[in-house]
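Chemist: the following comprises the amino acid sequence and a computationally predicted model.
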Amino acid sequence: MSPNYTVPYDEIGAEKLEQLMRAFYKRVAVHPVLIPIFPEDLTETIRKQIQFQTQYLGGPNLFTEEHGHPMMRARHMNFAITPDAAQAWLECMHEAMDEVELAPKFREIYYKRLVLTAHHMINRPNIDEGEN
Ligand code: HEM
């Protein structure tokens, strides 16, 4: 094991992570593809996402302690996560990362991981790609 290993959560820090999530949901709130999927009041969504991202990045298991096993794909099943919605989600995250100016190397790894997770969350085809 490398002696230089740093937990990603320690690298970004709690303050920057919160800034990033606020910058992200500011964009989600006005994105035409995402508006119909998300609740109008995002306060609780932001709080849960900060808890989840904290543990996703190797910090304390805040999400699990309060809400149980993440089972993220299952938790998203009630929402129509189409390829377009995943793309929109990632666009909002990309722009939020620009706004808070994450360190480039950290950003690259973190974003790539979010791309994989976002694609894993897709549970419906785009409307124009239905069976008929
Ligand atoms: C792929 C596009 C995605 C869309 C459209 C989407 C949409 C949503 C929606 C509509 C909610 C419910 C919000 C609420 O009722 O408060 C939600 C909750 C959540 N999402 Fe996503 N999501 C996506 C991807 C992701 C990814 C990639 C992650 C994690 C890396 C994530 C983590 C969460 C968490 C932690 C919650 C809160 C779960 C809970 O209520 O217990 N989502 N998402």
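Modeler: Arrived safely. No experiment lies behind these values; they were computed from the predicted model shown.
Chemist: alongside the ligand, which residues does the chain contribute?
Modeler: Contacts of the chain with the ligand, taken as CB under 6 Å from any ligand atom, map to 37-39, 44-45, 48-49, 52, 56, 67, 72, 75-76, 79, 81, 85-86, 89, 114, 117-118, 121. C-beta here means a position set from N, CA and C on the backbone, and glycine is covered the same way.
Chemist: what about stretch 78-92, distance to the chain center?
Modeler: Taking CA atoms, centre = their mean, to the nearest Å, the mean C-alpha location of stretch 78-92 is offset from the chain mean by 11 Å.
Chemist: show me what counts as buried in that stretch.
Modeler: 80-82, 84-86, 88-90, 92 (16 or more other CB atoms under 10 Å).
Chemist: of the residues you listed, which is the nearest to Met21?
Modeler: Nearest to Met21, judged by CB to CB, of the buried residues of stretch 78-92 is Cys92 at 10.8 Å.
Chemist: secondary structure class for the closest one?
Modeler: Going by DSSP: H, G, I helix; E, B strand; the rest coil, the secondary structure assigned to Cys92 is helix.
Chemist: count of neighbours near the nearest residue in space to it that is not next to it in sequence?
Modeler: Nearest non-adjacent residue to Cys92, counting by CB to CB, 6 or more residues apart in numbering: Arg27, 3.9 Å away. Arg27 sits with 18 neighbouring residues when counted by other CB atoms under 10 Å.
Chemist: just checking, Arg27 touches Asp98?
Modeler: No: here Arg27 lies out of contact with Asp98, judged by CB atoms under 8 Å, at a distance of 10.5 Å.
Chemist: returning to that earlier point: from the residues of the chain next to the ligand, which land in strands?
Modeler: Using DSSP state E, no member of the residues of the chain next to the ligand falls in strands.
Chemist: which among those residues count as buried?
Modeler: Buried by 16+ other CB under 10 Å: 37, 48-49, 52, 56, 76, 81, 85-86, 89, 114, 118, 121, out of the residues of the chain next to the ligand.
Chemist: a markdown table for the residues you listed, including pLDDT?
Modeler: Listed next are those as a markdown table, based on pLDDT from 0 to 100:
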| residue | pLDDT |
| --- | --- |
| Ile37 | 97 |
| Lys48 | 98 |
| Gln49 | 98 |
| Phe52 | 98 |
| Tyr56 | 98 |
| His76 | 98 |
| Ile81 | 98 |
| Ala85 | 98 |
| Ala86 | 98 |
| Trp89 | 98 |
| Leu114 | 98 |
| Ala118 | 98 |
| Met121 | 98 |
